[in-house]
Structures are given as structure tokens and as C-alpha cells.
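> Everything below, folded, please.
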Amino acid sequence: MNIVELDLAQNQQEISRLLEEHSRGIDSSIPPYQREVISLAAYENGVFVGGITGDIVWNILNVHLLAVDPTYRGNGLGKALLEEMEHRASLRGCKVSELTTMSWQAPHFYQKQGYEIFGEIKDCPHEGQSKYYLQKNLKPGSPS
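You can find the predicted model right below:
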């Protein structure tokens, strides 16, 4: 056996193929393992001031990154980006959104947006800090 580093896109394709074969063998009604990326950006006068990225797999929105330029924080931009991503995901059939955040980042922000903590890794990356796992049920969407 030989374990090597592989281009991310190629590796994801091969892993997805294996997962797909496994799922079909377990239950043919399980939908295909397909990832749809969502990437939104906010600009003010042509300047990038914030963005959010995530993906959808099996009707679950996975929020990966959300950041707002410090001069634009506290004005609802983060909330607007998150709500827009959730809305787009619900239109695509997502029923739930999930994400992770660190204790020094934004757990309270996400809780204000309706997310609930369902898991925690304490003392990560070191003592006194935590990694949180959060989820939120999404409202059913309807095409515009």
C-alpha cells in the first residue's frame, strides 16, 4: 500500500465515488452524494467588505466561512449574508444548516441567528477555549 498526497479536486471525486457506491449498496433511496458550493460576497463601492461560503450535501447546508470587515461589523452585514445563504439553501431543499465556530469567534452571533449548540470540544486548541458545533432548522423555501 502507498499513501500519497493527491490534488484536492481529484481526491474529492474519488472519495465521492466510493461513498456513492457504499450508499447505493446500503439503501438505493439515498440520494447521490453531490456537493453544491455557495459563495456570496458583499461589496461597498467596489470594495470587498464581507463574504460567506458553504456547501450543500444531502439537503444540509454546511456553512464554512463567514467574515465581515471590522469597519462594517455591527451593522447587520453578517446576519444578511447568513440569511441570504440560508434562503438560497432552503430554495434548494435544505432543511437544516450546520456550522462550527470557536469560542473566541462567534458562537453568540450564531445563537442570535437561531442556531443551537449541539456539541463542544473543550480545551481546543488549548485550555480554556472550545470548538462549538451548531445547527438550525431552516424554513421551507419556495422559488421566487
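
> list the buried ones in stretch 18-32?
Neighbour counts over stretch 18-32 (16 or more other Cβ atoms under 10 Å) mark Ser23 as buried. All C-beta atoms are positioned from the backbone trio N, CA, C, and that covers glycine.

> Now do the end-to-end distance for it.
Taking Cα to Cα, to the nearest Å, stretch 18-32 runs 11 Å from one end to the other.

> now stretch 68-88
End-to-end distance for stretch 68-88: 20 Å, by Cα to Cα.

> so what's Ser144 scoring on pLDDT?
Predicted confidence (pLDDT) at Ser144: the value is 44.

> likewise Gly46?
Value for Gly46, per-residue pLDDT: 97.

> so who does the nearest residue to Ser90 once chain neighbours are set aside touch?
The shortest distance from Ser90 to any residue other than its chain neighbours is 3.2 Å, reached at Gly141 (Cβ to Cβ, 6 or more residues apart in numbering). By Cβ atoms under 8 Å, 6 or more residues apart in numbering, the contact list for Gly141 reads His87, Ala89, Ser90, Leu91, Arg92, Gly93, Cys94.

> buried subset of those residues?
Among these, those classed as buried by 16+ other Cβ under 10 Å are Ala89, Ser90, Cys94.

> CSV for these, including secondary structure and pLDDT?
As requested, the buried ones among the contacts of Gly141 are exported to CSV (DSSP: H, G, I helix; E, B strand; the rest coil; pLDDT from 0 to 100):
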residue, secondary structure, pLDDT
Ala89, helix, 97
Ser90, helix, 96
Cys94, coil, 95
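
> and these as TSV, adding distance to Asn62?
Shown next, in TSV, are those (distance: Cβ to Cβ, whole Å):
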residue	distance to Asn62
Ala89	9
Ser90	14
Cys94	10
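
> which residues sit against the longest strand seen in the chain?
Looking across the chain with DSSP state E, the single longest strand is strand 47-57. If you take Cβ under 8 Å, 6+ apart as the criterion, strand 47-57 is touched by 33-43, 61-69, 71-72, 77-78, 81-82, 84-85, 89, 92, 94, 99.

> low-scoring stretches of this structure, by residue?
The chain contains residues with pLDDT under 70 at 142-144.

> For it, just list every one of the strands.
Remark: strands assigned in the chain by DSSP E are 36-44, 47-57, 60-68, 96-102, 116-122, 130-137.
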